[in-house]
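# Below are the sequence and a predicted model; questions follow.
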Amino acid sequence: MRIGKILFILSCILIYSIHISANAKAFVEYSSPKSSLESAIVKELKSDDSVSAVINLINHSFNLPQKLKFTFGGDDGPLYDSTNNEIIIPYFFIEEVKQRFTKAKYSETGVNEKQATMDSLMHIMFHEFAHALIFMYEIPVLGKEEDAADGLASVLLIEFFDGGQEIALSAADLFYLESEDRTELDEQDFWGEHSLDLQRYYSTLCHVYGSDPDKYKAILEQDYFSEYRAIYVYRNMTIS
C-alpha cells in the first residue's frame, strides 16, 4: 500500500497515538552530548521531522518481534548491534555528512546541506533497520547484505514518502562524495562487505529511475548509465 505524503503519515500517528504508545517497538534515545557541537546536533535532530518520520513508519508498517532502539551518539558506527538489538549513529558521523555537503556545495536535488544531511540520515536509518530485519527474522540474503540493505532503504523512501525519490537522491549524492575520498583502489576495497561507494551511488540512481522513468529520464539523458541498463532497471526495478 502506497502512503503518499509524510503529513498523511504524521496525521495517522496522531489519530492512533494511543494504539502506538502501547505497541510501538522502535524508539529513539539521544546520548548525552559531550560538546556544544553535539548539543547543536541533538537540537537539530529533535527539531526536524526526519527521525520521527522513520520511527513512525517502522512502528506503523512492521510488526517487530522485539524492541529496536535507535541510539544517537557513541564512538562507532553507523551500525546495527545485534547483541543489544540497537542501531547506533554517532553524532560525529552526522557532522561529517553535513561537512561533506557544505564543502562540496553540491546536491543533485538542489537542497541545502542541512536538508541533504537529514535526507541521507533517513536512508542510513532505514539501511541499518534492514540489517535488523534480516537478523531478527533470519531472512536469507543472496549476494551482499549491504547491497540488500541499501536497496530496502531506497525502496522504503520511494514507496512511502512524498518526495522520497529526492530523499534517495541526496543519499546517492553522499555515496558520490564519499567515493571521491579514494583516488586509488586496493584489494581490501574489493573484498569488503560493502560495494564501492560509486557502485552504491549508481544503484541508488537505478532505484530512483526505475520508480518513475518518465519523471527521472534526465538520469538516462545525462549518461549516468546506458540505455541497456535503463531497460533492465525499468523491467526489474520499477516499484508498483
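Yes, it's here.

# what does the average pLDDT come to for stretch 130-142?
Stretch 130-142 shows an average pLDDT of 93 in the prediction.

# Specify the local secondary structure of the closest residue to residue 77 other than its chain neighbours.
Counting by Cβ to Cβ, 6 or more residues apart in numbering, residue 88 is the residue found nearest to residue 77 once chain neighbours are left out, at 4.1 Å. Any C-beta I mention is one placed from the backbone N, CA and C, and that applies to glycine too. Here residue 88 takes the strand state, with states given by DSSP: H, G, I helix; E, B strand; the rest coil.

# And the helices in the chain?
Under the criterion DSSP state H, helices of the chain are mapped to 6-15, 17-23, 36-47, 50-61, 91-104, 113-136, 145-160, 164-179, 187-191, 197-211, 217-221, 227-237.

# between the ones you listed, which one is nearest to residue 79?
helix 113-136 (6.9 Å; Cβ to Cβ).

# What helices and strands are in contact with that closest one?
Counting by 3 or more Cβ pairs under 8 Å, 6 or more residues apart in numbering; DSSP states H and E, the packing neighbours recorded for helix 113-136 are helix 50-61, strand 68-72, strand 79-81, strand 86-89, helix 91-104, helix 145-160, helix 164-179.

# Now these in CSV, please, with extra columns for mean neighbour count and mean pLDDT.
Written out in CSV, the entries for those read as follows (neighbours: other Cβ atoms under 10 Å; pLDDT from 0 to 100):
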stretch, mean neighbour count, mean pLDDT
helix 50-61, 20, 96
strand 68-72, 20, 98
strand 79-81, 17, 98
strand 86-89, 21, 98
helix 91-104, 17, 94
helix 145-160, 21, 95
helix 164-179, 23, 93
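
# which one of these lies closest to residue 40?
Within the helices and strands packed on helix 113-136, the stretch nearest residue 40 is helix 91-104; the backing value is 9.2 Å (Cβ to Cβ).

# Identify whichever of the helices of the chain lies nearest to residue 76.
In terms of Cβ to Cβ, the element of those nearest to residue 76 is helix 91-104, at 9.3 Å.

# Compute the inter-axis angle for the closest one and strand 68-72.
Between the axes of helix 91-104 and strand 68-72, defined by axes from the mean of the first three to the mean of the last three Cα atoms, to 10 degrees, the angle is 60 degrees.

# what's next to helix 91-104, contact-wise?
Contacts of helix 91-104 from elsewhere in the structure, counted by Cβ atoms under 8 Å, 6 or more residues apart in numbering, are 31, 33, 37-38, 41-42, 45, 72-73, 77-78, 107, 113-114, 116-117, 120-121, 173-174, 177-178.
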